[in-house]
Each structure stands twice: as structure tokens, then as C-alpha cells.
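*Asks:* what's the 3D shape of this:
(2 chains)
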2 protein chains.
Amino acid sequence: MNSNSLSRRHFLQASGTAAIWAPSSVMAYTSAEMQAFYASGEMSVNVSKWELDTPALCVDLDLLEANLDKMAQTMSSNGIASRPHAKTHKTPIIAQMQMDRGSVGICTAKVSEAEAMFQNGIDRILNTTGNVTPTKINRAMDLRALCPGFIQATDAPENARLLSAAAVAKGLVADVVVDVDPGIRRTGIPFGQPALQLAQLVDQLPGLRLMGMLCYDAAAQHVVGFETRKAQTLERMTAATDTFELMQASGLNTEIFSGGGTGTYNIDHGTRGMTDVQVGSYVFMDAQYIGIGGETDREVYSDFHTSLTIMATVLNAQHAGRATSDAGAKACTINQPWPIIKGESGMHYRSGSDEFGTIIYEDDPSRNYKVGDKLELIVSHCDPVVNLYDQMYAIRNDRVEAVWPISARGMSA
Amino acid sequence: MNSNSLSRRHFLQASGTAAIWAPSSVMAYTSAEMQAFYASGEMSVNVSKWELDTPALCVDLDLLEANLDKMAQTMSSNGIASRPHAKTHKTPIIAQMQMDRGSVGICTAKVSEAEAMFQNGIDRILNTTGNVTPTKINRAMDLRALCPGFIQATDAPENARLLSAAAVAKGLVADVVVDVDPGIRRTGIPFGQPALQLAQLVDQLPGLRLMGMLCYDAAAQHVVGFETRKAQTLERMTAATDTFELMQASGLNTEIFSGGGTGTYNIDHGTRGMTDVQVGSYVFMDAQYIGIGGETDREVYSDFHTSLTIMATVLNAQHAGRATSDAGAKACTINQPWPIIKGESGMHYRSGSDEFGTIIYEDDPSRNYKVGDKLELIVSHCDPVVNLYDQMYAIRNDRVEAVWPISARGMSA
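*Replies:* Numbers count the residues shown, from 1 in each chain, chains lettered A, B, ... in the order given. Alright, predicted model coming up:
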């Protein structure tokens, strides 16, 4: 699926299958050892991804950079900005790579995620989820006090009043966008007058400064078929544009109209008024996105490369037609489509068991892994998979180039 | 479902609904604040679980202790030991509570989990998953060097030879059990002669000492209907008993025959020769286990209490028939049955969205949560849910009594 994919068989042939198995001839490194190497600047140890202790989360740097570059170029060509969503990667180093390529800021889903990003050098953050409790409102405004580039979403008048009161109490005027529901009834205030009135309230409240609105159509992102997806999102977002123009006509500040995502990144500039796209999954891609089809490749969504993989090890190969690996639900989640074994065909992977993965051979009974063999899995759904790991290995040409902390892992509060 | 469950409505009535919402009258605490309180011994702050920043993982101590006591009493009555599986809780404090009630040791699923348990004071550990790579074999034997009560499972002759070589190189004789496949083809060596021959090999290898066998019938644990479950597991485990008796007849050391789990805890003593039961989920219970039915209560598996819950907060209540919370897949997993809202009926919860939960009202359109309301969720499947959190709050009478580190969280390698 990817141009530089190296099949496991090819690797085994190149290195000699026996070498995987014998303790004397194969190096292998635990996460603690890899962290120590990286912290000491000793990445000259030149560790292959095939030598990592498993399960191990890896990102291929050539593929990641190609994804980042393609998104930056597409946004530039289409005359729209990107404000990538960090809920996908939870990794400040990747957020910085996005900023370095011209993104106007990043998005976060939770205030704890925003805090982790700011503590690691990212200072332009739009928190897309409303904070409704006193604790979270205070945390958001404390972050705003430290980070002038912090913007908070709100979707209800009562919430806007509480935000303003907290900002005033801290001597702040906090930037706010109105979260408008695209019709999926999850978060956001309805289109039209309710949204306009909330924007007017925000504009008038002493502790808040209106920056515009966001409208994230989550339901559009995974619609299968490019034309169907395009028609659906553009039709649905007309109401968002109408609302945005209501705000403009009322003389409100509308410098931000944020929305869209990886599934609609090359469609969203068609939504009149939209200023920036909240793309997330494009950095990694995953099995869920592959199947939706793209503009040029209608079958496979191949606009971006599958850069995020899980290295796993075969634990048991005693039973015909299958093998057992060490990467189950706690390493892969149970999201479907299931993980894809990179560079293989004629076999399937299941991660439904908490501790173990199952490799099922389908059309070639002669195929079989041996105990100790390594395999590489394209992740099922990148966001919750990343949330299982404290670090990811940054790989170039199959070698570990860096160990990146996933600083916002577990930041669900 | 639980005797001391306090319904949300009752709580709201008792405390005044408005109090949930107004910043001036409600205390609320972040995980960092709670950790600091606990570390400083200041739990006299007397924090209610309803005041925690959410999502927050909570264990009810009265219910947990009742579960631990019931298991200890049942095992004692049935003349069989328990060796609880720590993959469920990943929490050394709970492992210690199990040891304090007479468990002969704990089980772990990964060597990293075993390391985390040992580093936190647990010194009788059976690692039930084979370690097949040089890295993991060395880690296991390094742990054995520090922890004489460490026992490692093996399921193949080549693996036993590598384990022995690693033990000899470290000047050890390591305790080993043979992992026997109960017929689920996941890990383990087949019943009968293959298992016997592996046991004989372990017995002869210079670095290993045979302790017996384990045979964990994962597929039996969630069979619906007590009699069906009982018949199936006892029938299937006859072959395990036969294998165990082959080992005995061959003069091998068979002091351990470990197997069973929460679904069969009161059945496993009927398997001849079994010495201890690897019960895990009984400490917490979950929505998946509730439905399998028990010996006395055929509809609901009410032998143990649902002690593990997630506190969540309503973020949006603008749409008829539903509300949105802050606990989605990253806080609850997407395991099904979905989480159950404790103390409520006529509504359902969905955690399929990464960042958000959905509350769906069914039979009473007048029911509706307000923004800022708290709800308490019985977890869907306890093991992977625990693996999402760095800590759990230990609650008694709805007050936070302690903050417990989940030391083995993310230890999938």
C-alpha cells in the first residue's frame, strides 16, 4: 500500500529467518533502554524497528513528513489554512512539525490535552470542546493566562457567562469561538439565530472576545465514496456558512470559521467563508480511513500514507491455520476494520482478545509464521490506539531515529 | 444492582441540582490536585466522588472488599486456592489486598506487568504468557534473579531450552509451569503427550525447575447460563486433568495446576487436581459479566458487585432525546455491552465516539440531564478500561479515601 513498505518476508529473507530467533545474534531493546539511548543522544546504536521489544508503536518519518507536506501544499493551493487536531497524535513534536509547515495553530479535544501541548512548547491552541464545570473553566482560563494564543469553544449562553466570569476574575479577556452543531447533535449550538445570539452574547461579555465559530462535521469524515462525501458535506455546511454570514452581517468579529477534517480536506475550501481545516488523522492514516476512497483513487483513500504501525511478535504457532501474537486489544484496541498486516496478503488479523492477537491464514495453507517472528500492523483507528502508548518510535528507513513522548496520552479529562 | 448504589437523581435531590452547576458553591478537584492531597496525607479534604474532575475511574471500597472477601471465602470452602490475575486491575495495592486474603500469588500477562508488580512489593508472581524473544526471556530471568517467587510459563520445547540457557547464564534455576492449551488454540501446548514431553524436558533442563502446569480456558468464562458453563468447562478440563495425572504418574513435580477464572470460580474445584484459580474480573465485575447469569441468580451474574465505575459530566443537553458527556471511547473503550448508567433506567449510554459519550433516553421523554450534571458508569469490560487510566480513586461512602496508582497501566510489552 505504501511505496517504501518492506514486507516481512523480504526482511526475513534478507536477514535470515533464524536470526530472529537466536538470542546470541539478535539485538533487542526494551522501551526503557530506548528511552535511555535517546535521552543520552546515543541513537548511534542504530536500532532497527524489527529489534524493538513489542508491542511497539512506530511512526515512519518519511511517510509522516510526506503526509504533512501534502497537507500543507494542498491547503496552500486551495487558499485555506490548517489547524490540525492534536487529539489524533497527542504528541507535541508532531504538533510542532505541523506549525513549522504553516498551520495557524492546533486543536485539542480536552483542556488537559491543551495543557500538555502548551507545556511542551505549542502556544496556538483552539480547544474545541466546551468546558462546563468550574474546575475545567478555571483550568482553561489559567491556561489562557499563560498562553495568549489559547482559544476556547463554547456552545451555550450559560457557559459563556461562566467563562466570562472566570476570565474577569483572573483579569483576562479570553478568545472564544462559538461551537455550532452541524446537525449531528453531539456538541454545538444549532445553526442560525441560536448561534448568532450566542455570538452576540460572547461579543458583549466583559471577559470574552469573539473570534468566530467552529463547525466540525464528524459524521461526514468517513462517508464512503468521494462524490457522496463531497455532496453531503458541502450541502450540510451551507447552513454553517449562512450562520457565519449572519455573524458577519451583524458586525461581529469572524476571523475564524474552523471545520472539516481528513476525509474532507480537499473539499472544505468549497465551503464559503471557512478559514481553516481541523485535519487530524492525515498524519497517520488508518484502516478505517483507507476504505472511504479518494478523489483520484476511488477504491482506496491513498491521498496519505499509513505511517503509524504496531510492531508485534508471534508467541504461538502450534495450530494449523493461525498464529498468536502479543498485540491484542490493549495494544491495538478493538476498533474495526481490524489492523492490517503490512506487506502481507492472504491473512487477517484480529485484536479482539485483551492480551493476544490472532493471525488467520486464509487462502494459502502453506503460509505460517514461526514463534519469535515479527510483524508490522497498520493501525485500525489511529486516535484511540495512540492513546494506549506512552511513546512512539520515530523510524526512518526502518531505523529508530528518535523516541517521541506521547505527552497527552490518557488526557481524557 | 448494588445494595449501596446511590442514584444520581437521589444525589441531585439531596444536594440540590443547582449546586452541581454554580462555580461558587461546588468544589471540584483535578487528578493532579487529588494526587497532591493524597501524597501529603491530606485526605481530610473529604472529597466526594461527585466532585472529581471527569472522566475519573473510581473503585468502591466496600464493594471491592466484599468481592475480595467472597472470593476468599468461596475458595476456602471449596478447598482450592486463588492466584488472581493482575492483568485485570494492574494495581499493586489491589494485588496486596488479594495476597492479604490468602491468595497463593498473583498472575501477570506480560513481563512488564510482572516487573511493575514486583517493584511495588508483590513477590509471588506467575507470568502466564510465554516470553519468546531474547529481550523478554532476559527480562523474565532478571526478574527471577530478584524475585525467587517468580514463575514463568512456557509452551514449547525450543522456548524451554532458551529459558534454561538464560537462567544458567545468570546462575539461576528458574521455576516454570507448562502452559497447556484447553482447546482454544491461542497459547499453550496440546494436551497429553506433547504437554507431558514438554514437562519432562523442563524437568531435565539444568536452568529450570518444573512446578506443574496451567490451563486457562478463556472461552469458558463468558458462556451464558450457569449449567451450560459448568458442563462445558468440566468436560473440557477433563483432558487437562488427564494431562496433569500423566505428569504425576511420570514422577514429575506437579505442585501447581492453575486455571479457571471469574466465570467458573465456583465450578473449578470440580476439576480434579486443580490447585488454584486465576480469577481476575471478580474484583470489579463489568457489563460483560453481568449478563452470563450465576448459580443462584440465573439471569444476572450477581455473585460479585460492580465496584468499578467512571464518573462523567454532561457537556451538551440541547437536543431532544439525548445528551452528550465527556466520556467516550478514550475513557470507556468501545467494548460492548456498553457502559451502564448506575442508578438509572430508561436510558442507554454509547461510548463509540472517541471523545464523547451519548446518553439516549428511551421510554421517558421527560428525562433529561442538564449541562454539568454528573453520571456514574458501570464499565463495559474492566481489563481494557483500567488500562486507559494512570490512577483510580478509592471511594468509600461516596468519599475519596485514597488515590491508587495503576502501576502496570500500558504494560503491554
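
*Asks:* the helices in chain A, which residues?
*Replies:* A:8-15, A:17-21, A:31-39, A:61-78, A:92-100, A:111-119, A:134-146, A:157-169, A:193-204, A:226-249, A:287-290, A:329-332, A:382-386 (DSSP state H).

*Asks:* need the nearest residue in space to A:Leu52, chain neighbours excluded.
*Replies:* A:Met311 (5.5 Å; CB to CB, 6 or more residues apart in numbering or on different chains). C-beta here means a position set from N, CA and C on the backbone, and glycine is covered the same way.

*Asks:* show me what the one you found is bridged to.
*Replies:* A:Ala56, A:Glu376 (DSSP bridges).

*Asks:* who's in contact with it?
*Replies:* A:Lys49, A:Trp50, A:Leu52, A:Thr54, A:Pro55, A:Ala56, A:Cys58, A:Lys374, A:Leu375, A:Glu376, A:Leu377 (CB atoms under 8 Å, 6 or more residues apart in numbering or on different chains).

*Asks:* out of the residues you listed, which comes closest to B:Met211?
*Replies:* A:Thr54 (26.9 Å; CB to CB).

*Asks:* most neighbours among the contacts of A:Met311, which one?
*Replies:* A:Ala56 (29 neighbours; other CB atoms under 10 Å in any protein chain shown).

*Asks:* my guess is that one contacts A:Ser31. True?
*Replies:* Yes - taking contacts as CB atoms under 8 Å, A:Ala56 lies within contact range of A:Ser31: 7.3 Å.

*Asks:* any residues in contact with both of those two?
*Replies:* In contact with both A:Ala56 and A:Ser31: B:Ala413, using CB under 8 Å, 6+ apart.

*Asks:* around chain B, pick out the residues from the stretch 1-150 of chain A.
*Replies:* Residues of the stretch 1-150 of chain A lying close to chain B (CB under 8 Å from any CB of the partner chain) are A:21-23, A:26, A:28-31, A:53-56, A:87, A:109-110, A:129-130, A:132-139.

*Asks:* let's see 7 Å
*Replies:* The stretch 1-150 of chain A has residues A:23, A:26, A:28-31, A:53-55, A:87, A:109, A:129-130, A:132-137, A:139 near chain B, with proximity defined as CB under 7 Å from any CB of the partner chain.

*Asks:* okay, now the unreliable bits of the stretch 251-400 of chain A?
*Replies:* For the stretch 251-400 of chain A, the stretches with pLDDT under 70 are A:364-366.

*Asks:* try it again with 90
*Replies:* A:319-320, A:345-346, A:362-368 (pLDDT under 90).

*Asks:* pick out the residue of it closest to chain B.
*Replies:* A:His319 (4.0 Å; CB to the nearest CB).

*Asks:* and that residue, what is it in contact with?
*Replies:* With contact taken as CB atoms under 7 Å, 6 or more residues apart in numbering or on different chains, A:His319 is in contact with B:Arg185.

*Asks:* dihedrals phi and psi, it?
*Replies:* Backbone torsions of A:His319, given as degrees, to the nearest 10, read phi -120, psi 130.

*Asks:* quick one: it from B:Ala219, how far?
*Replies:* Per CB to CB, to the nearest Å, A:His319 is found 14 Å from B:Ala219.

*Asks:* same thing with A:Asp383?
*Replies:* 31 Å.

*Asks:* quick one: neighbours of A:Thr306, just the number.
*Replies:* Residues near A:Thr306, counting by other CB under 10 Å: 23.

*Asks:* next, count neighbours for the residue lying closest to A:Tyr289 once chain neighbours are set aside.
*Replies:* The shortest distance from A:Tyr289 to any non-neighbouring residue, by CB to CB, 6+ apart, is to A:Tyr301 (5.3 Å). A:Tyr301 has 21 neighbours, counted by other CB under 10 Å.

*Asks:* now A:Ala165
*Replies:* A:Ala165: 18 neighbours (other CB under 10 Å).

*Asks:* excluding sequence neighbours, find me the nearest residue to it.
*Replies:* In space, A:Ala165 is closest to A:Gly207, 6.6 Å off (CB to CB, 6+ apart).

*Asks:* show the contacting residues for the one you found.
*Replies:* Counted by CB under 7 Å, 6+ apart, A:Gly207 has contacts A:Leu163, A:Ser164, A:Ala165, A:Ala167, A:Val168, A:Leu172, A:Val173, A:Ala174.

*Asks:* give me the buried entries from the residues of the stretch 1-150 of chain A next to chain B.
*Replies:* Neighbour counting by 16 or more other CB atoms under 10 Å in any protein chain shown classes A:23, A:26, A:28-31, A:53-55, A:87, A:109, A:129-130, A:132-137, A:139 among those as buried.

*Asks:* for the residue nearest the centre of chain A, which non-adjacent residue is spatially closest?
*Replies:* Closest to where the C-alpha atoms of chain A average out (CA atoms, centre = their mean) is A:Thr88, at 1.9 Å. Excluding the flanking residues, the one nearest A:Thr88 by CB to CB, 6+ apart is A:Gly280, at 3.7 Å.

*Asks:* for that neighbour, what are its contacts?
*Replies:* A:Pro84, A:His85, A:Lys87, A:Thr88, A:Gly261, A:Thr262.

*Asks:* farthest pair within those residues?
*Replies:* Those two in the contacts of A:Gly280 that are separated most widely, counting by CB to CB, are A:Lys87 and A:Thr262, at 12.0 Å.

*Asks:* show me what from the stretch 151-300 of chain A comes close to chain B.
*Replies:* So far as CB under 7 Å from any CB goes, the stretch 151-300 of chain A lies against chain B at A:Asp155, A:Ala156, A:Asn159, A:Leu162, A:Arg185, A:Arg186, A:Thr187, A:Ile189.

*Asks:* good, wrapping up.
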